[in-house]
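> Just need the structure, nothing else, for what follows:
(chains A and B)
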Amino acid sequence: EAQVTQNPRYLITVTGKKLTVTCSQNMNHEYMSWYRQDPGLGLRQIYYSMNVEVTDKGDVPEGYKVSRKEKRNFPLILESPSPNQTSLYFCASSYSLGTGASEQYFGPGTRLTVT
Amino acid sequence: GQQLNQSPQSMFIQEGEDVSMNCTSSSIFNTWLWYKQDPGEGPVLLIALYKAGELTSNGRLTAQFGITRKDSFLNISASIPSDVGIYFCAGQLARGANSKLTFGKGITLSVRP
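Below is the predicted model of the structure:
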């Protein structure tokens, strides 16, 4: 089954404790992206990657890091989480070229709480 | 920057009713997408529109790409309880992953049995 998976689905952590949220897709998509969803603010892009070893900042990259060492994986790293990073996080992927390039497929989400 | 406007924030309808949602932009987009997000899940793509004036259906859902390229609408006919969720529009200036996908803030749809 074609899908985007994220782990963990739920995470409660404390300020300053480094964490990683994993994202993996099995559709051979070149493009991957991370969003955060907050009430009243909709979906905001954090980082994206056009292909392996190619990453770039989205609209709200502060406090986050990403890496793209393999095509299927795009982990989101919070080196020193703070309470304002409490949010619902989504990973998405798509092809980078062609008709399907606009059609991003989303993972199930990771609800992060930083206390 | 580009912004997409979806209003109202919430809609309440009776089961069996039709509902229409609008999405407007201050700038032109060349691709419009409509997503639905069920509670506790990620957004799922409903319909993709690639041509101004295009009208596309997916079951009880119909979406249109506005002629001005600054708007799109989504119609749901004969609503059912499982239509409950958040409906997002998204626009893209150029086709391709190197062109940013801009999302509206979403409309929360409630369906009364």
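> Up against chain A, what does chain B have?
Contact residues, chain B versus chain A (C-beta under 8 Å from any C-beta of the partner chain): B:31, B:33, B:35, B:40-45, B:48, B:50, B:88, B:92, B:95-101, B:103-106. Using the backbone N, CA and C atoms, a C-beta is placed for each residue, glycine as well.
> Can you select the buried ones among those for me in PyMOL?
This is the PyMOL syntax for the buried subset of the residues of chain B next to chain A, where burial follows 16 or more other C-beta atoms under 10 Å in any protein chain shown:
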select buried, chain B and resi 31+33+35+42+43+45+48+88+92+95+96+97+99+100+101+103+104+105+106
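> Just the residues of chain B next to chain A: which are in strands?
Counting by DSSP state E, the residues of chain B next to chain A place B:Thr31, B:Leu33, B:Tyr35, B:Val44, B:Leu45, B:Ala48, B:Phe88, B:Gln92, B:Leu101, B:Phe103 in strands.
> By pLDDT, give me the weakest of those.
Note: of these, the lowest pLDDT belongs to B:Leu101, at 84.
> residues touching that residue, list them.
A:Gln45, A:Ser102, A:Gln104, B:Leu33, B:Ala90, B:Gly91, B:Gln92 (C-beta atoms under 8 Å, 6 or more residues apart in numbering or on different chains).
> so which of the residues you listed comes closest to B:Arg69?
Set against B:Arg69, the nearest of the contacts of B:Leu101 by C-beta to C-beta is B:Gly91 (9.0 Å).
> Show me what the residue nearest the centre of chain A is bridged to.
Closest residue to the average C-alpha location of chain A: A:Trp34 at 2.7 Å, with C-alpha atoms, centre = their mean. A:Trp34 forms beta bridges with A:Tyr47, A:Cys91, as assigned by DSSP bridges.
> Okay, now the unreliable bits of chain A?
By pLDDT under 70, the low-scoring segments of chain A are A:98-100.
> Return the residues of it in contact with chain B.
Contact residues (C-beta under 8 Å from any C-beta) of chain A with chain B: A:4, A:30-31, A:40-43, A:45, A:48, A:50, A:90, A:92, A:94-97, A:99, A:101-109.
> out of the residues you listed, which are inside strands?
Judged by DSSP E, these include A:Val4, A:Tyr31, A:Gly42, A:Leu43, A:Gln45, A:Tyr48, A:Met50, A:Phe90, A:Ala92, A:Ser94, A:Tyr105, A:Phe106 as members of strands.
> which of those are buried?
Neighbour-count burial (16+ other C-beta under 10 Å) applied to those gives A:Val4, A:Tyr31, A:Gly42, A:Leu43, A:Gln45, A:Tyr48, A:Met50, A:Phe90, A:Ala92, A:Ser94, A:Tyr105, A:Phe106.
> Name the residues that touch stretch A:22-35?
Stretch A:22-35 is contacted by residues A:2-7, A:43-51, A:58, A:64, A:66, A:68, A:71-76, A:89-97, A:101, A:104-105, A:107, B:97 when judged by C-beta under 8 Å, 6+ apart.
> Buried ones only from the residues you listed, please, as a PyMOL command.
Here is the PyMOL command that selects only those of the contacts of stretch A:22-35 that count as buried (16+ other C-beta under 10 Å):
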select buried, (chain A and resi 4+6+43+45+46+47+48+49+50+58+64+66+68+72+74+75+76+89+90+91+92+93+94+95+96+101+104+105+107) or (chain B and resi 97)
